[in-house]
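Novice: Sequence and computational prediction follow.
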There are 8 protein chains.
Amino acid sequence: MLAQLLAEVRAGTVTPDDAAEQIGRLPVYKAVAQAVVLDHHRELRTGIPELVYGASKTAEQIAQAMAELNKDGGAIATRVDPAKAQAVLAALPGATYHELARIVRVGGVPARAACGRIAVVCAGTSDLGVAEECALVAEFLGAPVLRVGDVGVAGLHRLLARIDDIRRCEVVVAVAGMEAALPSVLGGLVDRPLIGVPTSVGYGVSVDGLVALGALLAGCVPGTTVVNIDNGVGAAVAAVKIARLAV
Amino acid sequence: MLAQLLAEVRAGTVTPDDAAEQIGRLPVYKAVAQAVVLDHHRELRTGIPELVYGASKTAEQIAQAMAELNKDGGAIATRVDPAKAQAVLAALPGATYHELARIVRVGGVPARAACGRIAVVCAGTSDLGVAEECALVAEFLGAPVLRVGDVGVAGLHRLLARIDDIRRCEVVVAVAGMEAALPSVLGGLVDRPLIGVPTSVGYGVSVDGLVALGALLAGCVPGTTVVNIDNGVGAAVAAVKIARLAV
Amino acid sequence: MLAQLLAEVRAGTVTPDDAAEQIGRLPVYKAVAQAVVLDHHRELRTGIPELVYGASKTAEQIAQAMAELNKDGGAIATRVDPAKAQAVLAALPGATYHELARIVRVGGVPARAACGRIAVVCAGTSDLGVAEECALVAEFLGAPVLRVGDVGVAGLHRLLARIDDIRRCEVVVAVAGMEAALPSVLGGLVDRPLIGVPTSVGYGVSVDGLVALGALLAGCVPGTTVVNIDNGVGAAVAAVKIARLAV
Amino acid sequence: MLAQLLAEVRAGTVTPDDAAEQIGRLPVYKAVAQAVVLDHHRELRTGIPELVYGASKTAEQIAQAMAELNKDGGAIATRVDPAKAQAVLAALPGATYHELARIVRVGGVPARAACGRIAVVCAGTSDLGVAEECALVAEFLGAPVLRVGDVGVAGLHRLLARIDDIRRCEVVVAVAGMEAALPSVLGGLVDRPLIGVPTSVGYGVSVDGLVALGALLAGCVPGTTVVNIDNGVGAAVAAVKIARLAV
Amino acid sequence: MLAQLLAEVRAGTVTPDDAAEQIGRLPVYKAVAQAVVLDHHRELRTGIPELVYGASKTAEQIAQAMAELNKDGGAIATRVDPAKAQAVLAALPGATYHELARIVRVGGVPARAACGRIAVVCAGTSDLGVAEECALVAEFLGAPVLRVGDVGVAGLHRLLARIDDIRRCEVVVAVAGMEAALPSVLGGLVDRPLIGVPTSVGYGVSVDGLVALGALLAGCVPGTTVVNIDNGVGAAVAAVKIARLAV
Amino acid sequence: MLAQLLAEVRAGTVTPDDAAEQIGRLPVYKAVAQAVVLDHHRELRTGIPELVYGASKTAEQIAQAMAELNKDGGAIATRVDPAKAQAVLAALPGATYHELARIVRVGGVPARAACGRIAVVCAGTSDLGVAEECALVAEFLGAPVLRVGDVGVAGLHRLLARIDDIRRCEVVVAVAGMEAALPSVLGGLVDRPLIGVPTSVGYGVSVDGLVALGALLAGCVPGTTVVNIDNGVGAAVAAVKIARLAV
Amino acid sequence: MLAQLLAEVRAGTVTPDDAAEQIGRLPVYKAVAQAVVLDHHRELRTGIPELVYGASKTAEQIAQAMAELNKDGGAIATRVDPAKAQAVLAALPGATYHELARIVRVGGVPARAACGRIAVVCAGTSDLGVAEECALVAEFLGAPVLRVGDVGVAGLHRLLARIDDIRRCEVVVAVAGMEAALPSVLGGLVDRPLIGVPTSVGYGVSVDGLVALGALLAGCVPGTTVVNIDNGVGAAVAAVKIARLAV
Amino acid sequence: MLAQLLAEVRAGTVTPDDAAEQIGRLPVYKAVAQAVVLDHHRELRTGIPELVYGASKTAEQIAQAMAELNKDGGAIATRVDPAKAQAVLAALPGATYHELARIVRVGGVPARAACGRIAVVCAGTSDLGVAEECALVAEFLGAPVLRVGDVGVAGLHRLLARIDDIRRCEVVVAVAGMEAALPSVLGGLVDRPLIGVPTSVGYGVSVDGLVALGALLAGCVPGTTVVNIDNGVGAAVAAVKIARLAV
């Protein structure tokens, strides 16, 4: 492919810019906040804008990155603890903080590709933080989100009472810790793409979420896919990529 | 306690035999098949007769031990693979082999304490061997057993169709591999003592049953207890000890 | 079962409420403290009332949930650390705190089903917190409890001095950390259902309780069942379900 | 929901059958090959027909189950080793075996829902078996499949030479063992839903596929989801559910 | 044995006290500091007095236990952090604290059995705390101790310069973290009983001492034995029991 | 030390041979069976002669090494499976095979240092192979050995019946698999150096012996030391080194 | 870089071929033996020719790949078990098999870049297979190799007797299983780049080589680097890349 | 070797000092700051001066050790947290602190052996601390260093834009956390020795860096070697040893 493309560049039938674009690598970035390199063209390549991962950045780096990204109409930073969030809000006028989800938002939701509905289903109250992180990121990416909470399998009637609403969504995200039985039950009840998010809720053998992760991967209903423990952001991005196919 | 007891023996108010009996240690055993020491008094101390664990014994040792134990009216050996079983059957007239459960039986069921009903519930066809091991041992110990098979949570209706039968038992044993969601669902539907048996069914992360074990221990329904992976015998003994309280 | 039941509803031979009740799913709950959903009918379905798990709730959520549940005559919250407990006690008149067990209580013990005696046996002083959590929850559920402490196998005489008392109970809970040898010894001395609770006491290889858990599961005495590490609540619920069979 | 539904059944505004259908639990199954219970209605509930999992069944059970399912127009069995496959083929006229994918097929592809294109991308020659299992199952479920093989990141030019073809598919499945770097690179180059399948290829630390699984879950490109190790079937079902949204 | 012994008690040829003594279980203990049960007869049974394990006790419990044990001429408490130590010292006149070893001492060394020399050899400066805990406990138990520090294998000449001194001891304790190569080298140079103590020094793969533990157990020189990670106390007790044989 | 020693060699007050001997490194070895290098001087340095580890050698290599070592009066090879043993016996006149212990012996026991008595105590019949390997190696090294079998803690009376015999030995080796509770109980009953040998007996969580190893290391009785899983040879060598101090 | 390069192609100052070459991706390969894709240009890009990894290929695939690569003057295949090797030798005239190293060779050593000397040092006889795999591959890549065997740290004098020879090489590869102490000792004695290869030799905790791997990574001598368990090929390639810098 | 050497010392053809020097063990060290033993001759033996590992030392010990080592012209301490660094700087005139790399420097760079160029390549901003630790230590050891940051594989164009610069270095160090795909891609693009440094960046399965470590070891490009997690120092020392061969 490359040799042919370069020959066409030589012949003038393809411009250098078009050639570079086809290989999907436009080397356009600039330094922000010293060590943080933003990637404005990421959305062009992958359909998803850059989301600021706050855990490994200082408040100053977060604020600068969000200010830069906000030029596109809005920005979001995840994994921001309350103390750091106060500093970000002080430095970034108009920003707001969602403590349960540990998310800082600024600006609105930029124009996005059309997107089907996403159900974010949550097994227990302890999983609400991860679920809300997922829901807020999905909404920032342009998805309509249905939140369904506290429907663990120990009280099966709660889940059955909401199953029709869930079935009306195009994609289902199931957030569950401990033994993570919810997605197995859901997988037998709905025919939609289903993404499981294990959480680090629990103690003893379930601490750190490894049992929940294993249970999701080992689930007997084929067709469920899984993301990393507590990774609400990853589930949101995956769900949006899927739901965009539905329009 | 001991000093006082010995003083009473000295005084003659307690016989030596009674004293020994109270401490629960009657040292009566004899050598069988060289290295295998049988414990005829185990049933007196713990209510459960000796069950021959076949995995670590030769066919000759199994046959001799079963012949000895059969003098009490019947004997059972577990974890006997087909090749070894043939040799045991050749050496032990009247013995029979259950291949799925890997169990050799000889004689009948000796008189046992009265016992409530036990439901042995099985999530998938791959778990049937462990479930049957549990059911056969429970029956050998004198329990009436209800077998409920292939009621995994991916087809919830199958489980609900049998839930009334299960509720009529005093104790429930749930056998489940892979992500082991069955006991979580069962725990929300029945009010009986519930014992989970993880199985080593599966592949990838679920190989060896560690995920199933973890999921059972981490389950969100309090009150479920767990035995070792593939340990149908242990679940049967525990269930019988419990069910005997119900009469 | 379902089709037949629905036909009977149609025919009027079964009322809708009875039908719902048979399937065990009465969808009656209401929002308390925003995200905490109480399940008043849980006791009807499983025989055990809702116990407030304090670790993942704020003091305000705990207090509101306990106040709501206290309308039934009493409530209990577990895994409440001292700082949170002070806030709960300030918000909930009449509540008391047991620091060793990390339990907040309010009200009395509501009328419960009759229940046999439960022995809670503890190997070392470091295991007392988990043992007391188990004992207090069992008493709240209506069980008479015998506490036996500091009877680890390194001082076998201490255990033998209490063995007769333990034998007079219907169910035995053995709480043990480090190498958890206590249940193995107990299992050879008593003929009652025996539940092992591994604790996270120790350091080096025994940190987090995984060795104790493994030792309990691998124990050579068949019939012992196990709950999650430090799970005094789960052991109490299981023991009560079993002991209720004994009356 | 249930109470209301039952009331409508009572009133006659909903038939019992419709009620049962809404709850998604039509208890219609029948015994095949003794212990194997087929679920003909699974496709109605989840959109995916039953796939015979051959690893835990005898050749006779596989053949009977496939014969029964073939009445719908075709059937497929996975994880069938060569020896067992010969026995299945002898018992099931018209069946064929794909040794690399360990799959037995009989009949054609029944009419399915319309489905977008799926790219199955494979890092090394050792991963071809899992990749082909995924591709064949996806085709059986009605998906057009693009196979792209041997494009590991150590020879990046091979991957770049095929990237345009991959981009024209709606869903991408990346099969990779060892360090599983392929999905990370792919995730930066395509904007489609991406499913990673870790394989158990390798030795030393990578044996059993746990490193590949961890690398996929920890990948720095948000939006990739993962299935169990060697789970080509699960990836195929998930990909088909997603690709069906694209038409 | 027991039946015969009891018969002799009956006959009067053995006194009750002698009988109890033979079984090694004199049930003499009393409550100290509420939940802490001291075992004054432990030294009679096992040759080692009770050592107070401070990690799981309050300062008050430690002080009371030490005061009680000090009646025998001296007492020692291990795993006491600096803050707790200050409280113990305030409550226990004459006590002293060794911060590196985290040990509180009071009184002198009671008369002990004669004991051979023990070499405590330490690989790096980071292992000094564990080594000193071992040395101080061994001295409290009556052993003469040779301390050899900072002789890791990366500077082999340091070890060789001290090897003659080490060879003059009857027992060698080698304390080593990280990859724990020291005991392997020592094992080829000395012919004495050698006990390895892995330490939790390090980072990355060596964090928590599991690599050091594994390396010690896997060592190619037969005859080295191992204790738990950071378990200087256990190594001291084992070394003293061995060294007492040498006199 | 070295500089001084070399100066003395220069001065003639120490011969080169004596100097080399003091550093403990006489480089005297010769090639046997191609790749197997024997170390005749090992006994001089460490007090223990070379034992042939048969697992990683061919039958020819084992036979040649044993023939060479037999020139000192006797030789032993461990971990020899039955097939390999037949080949060794064919090549080595006078050799005998102990199948349970997987040991090949030839010649007698060369003159050894005097040595105290060693008790080898075994919890279950499945541990007998490892226990016998330990006992045979200890006897080859010159130790009188007391074998005590099948005294697991589930039948405590069996252990108590033998406790006086065990107490008369200078060193105790406890061989135990599964949950390995035996050494904990023994540690509270005897005052001798105690070495625990975990075995790989069991299934589920206890497979491979890791639970037994962890339980031994975490044991609550200070002073027990541990060797690698199934390492009867290592326990024998350690016990002999200790018991030699007792004479 | 890319945009500029393409502009130069457009301008004609760089030819398309030169441009492609600079990006290092000449897409020239062809199908061999169906699924095996050879990469003749790999040597141009990475300096190392393609080595046939035999474990995941059939004998026919290995023979065809080697025949193709032999056109460059010689070829090598690793991880070929004896049975497969016989089939390869039958199909590939002139090929030879090295059983210990599991390597098939054909042809000579093609002209290579000049290369410094490599010492391959081996701790025990059990590690010889991995060491020889490393040595043979390094020689095939053009390196002079010094083999030093059986110099484990338990017999330190053996290692010291060879240390001068080792120091004369430019790169040292240390192959060690079990506790892998050799590289730590070597690292303190030589100033050359040192590569550690953990092997899967051992049993109990050391099985599979994870302890050896951990010990190598945790080693206290900075500057040692490590490859995967049993990865003699990887160590050879790394050593050759390094040694080529030395000429 | 030793016997011969000692004979020559006797004969006077080798001086004692030369003999000692040849064995590489000059026992020259002196006590600094109580427990810290410096090794001035380390550089002579291994080519690398002593680097102060700050994590396990007090500020006073660090300052004293650096002052001593600074007599050679410069010193460096690693793993110094900010609080400890302030105390070191107060005690050591002229010292400076690099917070990101956690390094304290004093003096200049002493004269070193000539050294080739080293590229330190970093996948993400979170890995910068480890990368800078590596770069600073390499520069202190005399190497010219090229820093290349934020070139993770999710934005492949960033890496390709710098690939020519990287190729001009003699050795490449790749620092990468999470799934650590960077070295795999680099390994296919450059022909230089490549050292991978896994970092503990991430959460869920990637926490602690074990997935990154595994991915590096399992990488499909032969010839990459690996150091411990976060071990920038070890990578620097290894890279310098290699790069010195290139001059």
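Specialist: On my side now, so go ahead.
Novice: shaky segments in chain A?
Specialist: Regions of chain A meeting the criterion pLDDT under 70 cover residues A:1-7, A:16-46, A:220.
Novice: how about a cut-off of 50?
Specialist: A:1, A:23-35 (pLDDT under 50).
Novice: Any residues of it in contact with chain B? List them.
Specialist: Within chain A, the positions near chain B by CB under 8 Å from any CB of the partner chain are A:123-124, A:152-156, A:178-181, A:184-185, A:187-189, A:202, A:204-206, A:210-221. For every residue, glycine as well, the C-beta is placed using N, CA and C.
Novice: where along chain A do the strands fall?
Specialist: For chain A, the strands defined by DSSP state E cover A:31-32, A:36-37, A:52-53, A:74-78, A:96-98, A:103-107, A:118-122, A:145-148, A:171-176, A:194-198, A:224-226.
Novice: Out of those, which is closest to chain F?
Specialist: Ranking the strands of chain A by proximity to chain F (CB to the nearest CB) places strand A:194-198 first, at 21.7 Å.
Novice: how about the closest one, does it reach chain D?
Specialist: Yes. With CB under 8 Å from any CB as the criterion, chain D is reached by strand A:194-198 at A:194-195.
Novice: which strands and helices sit next to that strand?
Specialist: helix A:128-140, strand A:171-176, helix A:182-187, helix A:210-218, strand A:224-226, helix A:232-243 (3 or more CB pairs under 8 Å, 6 or more residues apart in numbering or on different chains; DSSP states H and E).
Novice: With mean neighbour count as extra columns, can I get the ones you listed in JSON lines?
Specialist: Shown next, in JSON lines, are these (neighbours: other CB atoms under 10 Å in any protein chain shown):
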{"stretch": "helix A:128-140", "mean neighbour count": "25"}
{"stretch": "strand A:171-176", "mean neighbour count": "30"}
{"stretch": "helix A:182-187", "mean neighbour count": "29"}
{"stretch": "helix A:210-218", "mean neighbour count": "30"}
{"stretch": "strand A:224-226", "mean neighbour count": "31"}
{"stretch": "helix A:232-243", "mean neighbour count": "29"}
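Novice: follow-up on the earlier one: any idea which of the strands of chain A gets closest to G:L136?
Specialist: Across these, G:L136 has its closest neighbour in strand A:224-226 (42.5 Å, CB to CB).
Novice: Say whether chain H is contacted by that closest one.
Specialist: No. Contact of strand A:224-226 with chain H is not found when judged by CB under 8 Å from any CB; the minimum separation is 10.6 Å.
Novice: Can you tell me which residues in chain A are near chain C?
Specialist: Residues of chain A lying near chain C (CB under 8 Å from any CB): A:124-126, A:128, A:149-150, A:155-158, A:160-161, A:201, A:203-207.
Novice: So which of the residues you listed sit within helices?
Specialist: Counting by DSSP state H, these place A:128, A:156-158, A:160-161 in helices.
Novice: quick one on the thing from earlier: now the strands of chain A in CSV, with distance to G:V240?
Specialist: Formatted as CSV, these follow (distance: least, CB to CB, whole Å):
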stretch, distance to G:V240
strand A:31-32, 39
strand A:36-37, 35
strand A:52-53, 39
strand A:74-78, 45
strand A:96-98, 55
strand A:103-107, 51
strand A:118-122, 52
strand A:145-148, 55
strand A:171-176, 49
strand A:194-198, 43
strand A:224-226, 41
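Novice: closest one to C:M66 among those?
Specialist: Of all the strands of chain A, strand A:118-122 comes closest under CB to CB, at 23.0 Å.
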